[in-house]
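> next come a sequence and a model predicted from it.
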Amino acid sequence: MEHTDLGLVLGRLAGSTSSTRKTGATRRRLANDPLTREYLDAGCRIIAARFADRQHDAAGSVPFFSWITQDSAIREVASGPAGLRGSLGTFRDRWPFRSHYLEDLIAYSLWKRRLAVAGVHTGRDGRAVLLRELADRELQVLLADSAHRVSMITALTGEQAADDLYRERRAAWSSTYRELLSGARLRPGVTIDELAGLATALVEGFALLTFAGQRAGTGNHRSLLGMAIVALTAGCLDHGDGRPLDDSLA
């Protein structure tokens, strides 16, 4: 991952009580320590596994995220792919309070998603990249990492960071459309930013549909997403009739 300074992301790490308060340099080192990232990845895996397991669906009375504890995070680190070992001491050195860990976990999941999705919209070969491929790549990025699933859950909580993420994603689609549709005209009343917002909503919706389909063991929505993005774009383009969008169906 290109930008790896987690000290700029983790606002609650080892700085909220006098017993754990550290200097800026020490805090940055701790933020970027492999065990810190593994604790956060472990939390993402726990949440993704919880929501992927349908037997927990009926447990509506269980407080949200109450099943993420210091002990569960430490156990998940021990069984994780990084080959690291956690302990109560190293966990509390980073997050003396469980609530601080959860706040940083949410911030981390949004940060990972922001970087991953931004990478889809860079390094492209101009107009040669089809919208179907771009939409499919973004969808696969969203589904490939448990942190992205956590960020989808976070979006439902109304977190400001989630709003910022979606603004950045719309901006990425806006930039893509300005390049791919250079020289084309949109229908009266439709703007590039509105088209980008619709594309963002489509990808997000299909990500949720695909996630649900994976849980139920049914459906692959990738081809439908490509069709939807192409249909959306084609419908918003002015093909010479000058009609507003609503009139184009007449």
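Nice, thanks for sending it over. Treat the numbers as computed from the prediction; the structure is a model and nothing was measured.

> quick one, strands of the protein?
Counting by DSSP state E, the chain has no strands at all.

> how far away from the center of its chain is the lengthiest helix in the chain?
Ranked by residue count under DSSP state H, the longest helix found in the chain is helix 192-216. How far helix 192-216 lies from its chain's middle: 12 Å, per C-alpha atoms, centre = their mean, to the nearest Å.

> what comes up buried for it?
For helix 192-216, burial by neighbour count (16 or more other C-beta atoms under 10 Å) applies to 192, 195-200, 202-204, 206-207, 210-211. Backbone N, C-alpha and C define where each C-beta goes, glycine included.

> how about TSV for these, with pLDDT and distance to Leu84 added?
Formatted as TSV, these follow (pLDDT from 0 to 100; distance: C-beta to C-beta, whole Å):
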residue	pLDDT	distance to Leu84
Ile192	94	45
Leu195	94	45
Ala196	92	40
Gly197	92	41
Leu198	93	42
Ala199	91	39
Thr200	88	36
Leu202	89	38
Val203	86	33
Glu204	82	33
Phe206	84	35
Ala207	80	30
Thr210	76	31
Phe211	69	28
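
> now, which of these sits nearest Thr69?
Nearest to Thr69 among the buried residues of helix 192-216, counting by C-beta to C-beta, is Phe211 at 24.6 Å.

> next up, the contacts around the nearest residue to Ala82 once chain neighbours are set aside.
Distances taken as C-beta to C-beta, 6 or more residues apart in numbering put Glu38 closest to Ala82, at 4.6 Å, once the chain neighbours are dropped. Applying C-beta atoms under 8 Å, 6 or more residues apart in numbering to Glu38 gives the contacts 77, 80, 82, 84, 86.

> before we move on, the earlier item: which one of the buried residues of helix 192-216 sits closest to Val150?
Phe211 (11.7 Å).

> where does this protein dip in pLDDT?
Applying pLDDT under 70 to the chain flags residues 1-4, 15-22, 51-64, 116-130, 144-149, 152-165, 211-223, 250.

> quick one, helices of it?
24-31, 34-52, 70-79, 88-94, 98-120, 131-144, 146-155, 160-180, 192-216, 222-236.

> now the second one - C-alpha only, CSV.
When you say that, I think you mean helix 34-52. C-alpha atoms of helix 34-52 as CSV (Å, rounded to 0.1, in the frame of the first residue of the first chain):
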residue,chain,number,x,y,z
PRO,A,34,3.4,-4.5,12.1
LEU,A,35,1.6,-5.7,15.2
THR,A,36,-0.6,-2.5,15.2
ARG,A,37,-1.8,-3.1,11.7
GLU,A,38,-2.4,-6.8,12.4
TYR,A,39,-4.6,-5.9,15.4
LEU,A,40,-6.6,-3.7,13.0
ASP,A,41,-6.7,-6.3,10.3
ALA,A,42,-7.8,-8.9,12.9
GLY,A,43,-10.7,-6.7,13.9
CYS,A,44,-11.8,-6.4,10.3
ARG,A,45,-11.6,-10.1,9.9
ILE,A,46,-13.7,-10.7,13.0
ILE,A,47,-16.4,-8.3,11.7
ALA,A,48,-16.4,-9.7,8.2
ALA,A,49,-16.7,-13.3,9.6
ARG,A,50,-19.5,-12.2,11.9
PHE,A,51,-21.6,-10.7,9.2
ALA,A,52,-20.8,-13.6,6.8
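
> from the chain's centre, how far out does that helix sit?
14 Å.

> and that helix with helix 192-216, angle?
70 degrees (axes from the mean of the first three to the mean of the last three C-alpha atoms, to 10 degrees).
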